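Asker: Sequence and predicted model, in that order:
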Protein chains: 2
Amino acid sequence: MTRDPLSLTFAALADPTRRAILDRLRAGEASVAELAEPFQMTPRAVSKHIGVLEAAGLVTRGRDAQRRPSRIRAEPLADVDRWLESYRQLWNRRFDRLDERLRRQQKRQAQ
Amino acid sequence: MTRDPLSLTFAALADPTRRAILDRLRAGEASVAELAEPFQMTPRAVSKHIGVLEAAGLVTRGRDAQRRPSRIRAEPLADVDRWLESYRQLWNRRFDRLDERLRRQQKRQAQ
């Protein structure tokens, strides 16, 4: 199945361990062994998760043959941010309406 | 498999048809028949997608027994937005560094 980039990104993010790995990589690059330790996972399981993140372009791996450190790539997340933009207007409008309703209620109670 | 809410949301968004349905629902509620038409899908296929969106809390369905119109719920998207927040700093920092590099380069060329 070929998937569009945004679907690949969302699918990669649909797992709490992969999100935790990304979160760890915000602090800087890390090898599979370094990532496996805090998560109490086998290197094989971590490698599999990194493979999914890499396929989605969320992670790149260094050339150092021994460590092959993973590094976070923010670009796909910036694409998610752009996709959210039109929906952001939606919930801001809803909050505005809620605000307006609360203000009218307070006004009534003050009278 | 029980999944955390954010994983459910990301999994629901990992499909272009489901994102297109959400996009349509931004304009207002719609029945399965109304949603099926522009997508040239069977009502059964649309119902299945709506079920996934509903399980993730991205859609609620009206009580009208005949139409059961789908309505978008922005709350899970607002959660995605909050999750993105810490990563937003990451790509902003990178853009800042790029900016800084460009500025220095222009300065050198001007000398």
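Answerer: Now that the structure is in, tell me what you want to look at.
Asker: Residue A:109 belongs to a helix, doesn't it?
Answerer: Yes - counting by DSSP: H, G, I helix; E, B strand; the rest coil, residue A:109 is found in a helix.
Asker: How many residues are close by it?
Answerer: By other CB atoms under 10 Å in any protein chain shown, 7 other residues sit near residue A:109. Where C-beta positions appear, they are placed from N, C-alpha and C, glycine not excepted.
Asker: Please report how far residue A:44 lies from residue A:55.
Answerer: 17 Å (CB to CB, to the nearest Å).
Asker: Could you point out which residue ranges in chain A have low pLDDT?
Answerer: Chain A contains residues with pLDDT under 70 at A:1-2, A:95.
Asker: immediately after the host helix or strand of residue A:24, which helix or strand?
Answerer: Taking DSSP states H and E as the definition, residue A:24 sits inside helix A:16-25. For helix A:16-25, the following helix or strand on the C-terminal side (DSSP H and E) is helix A:32-39.
Asker: any idea of the angle that next one forms with helix A:16-25?
Answerer: 110 degrees (axes from the mean of the first three to the mean of the last three CA atoms, to 10 degrees).
Asker: what comes up buried for helix A:32-39?
Answerer: Across helix A:32-39, burial judged by 16 or more other CB atoms under 10 Å in any protein chain shown covers A:32, A:35, A:36.
Asker: can you tell if it touches chain B?
Answerer: No - judged by CB under 8 Å from any CB of the partner chain, helix A:32-39 makes no contact with chain B; its nearest approach is 15.7 Å.
Asker: Can I get that helix as CSV, trimmed to CA atoms?
Answerer: The C-alpha coordinates for helix A:32-39 follow below in CSV (Å, rounded to 0.1, in the frame of the first residue of the first chain):
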residue,chain,number,x,y,z
VAL,A,32,19.3,2.4,19.4
ALA,A,33,21.0,1.2,22.6
GLU,A,34,20.6,4.6,24.2
LEU,A,35,17.0,4.7,23.3
ALA,A,36,16.3,1.1,24.4
GLU,A,37,17.5,1.7,28.0
PRO,A,38,14.9,4.1,29.4
PHE,A,39,12.1,2.3,27.6
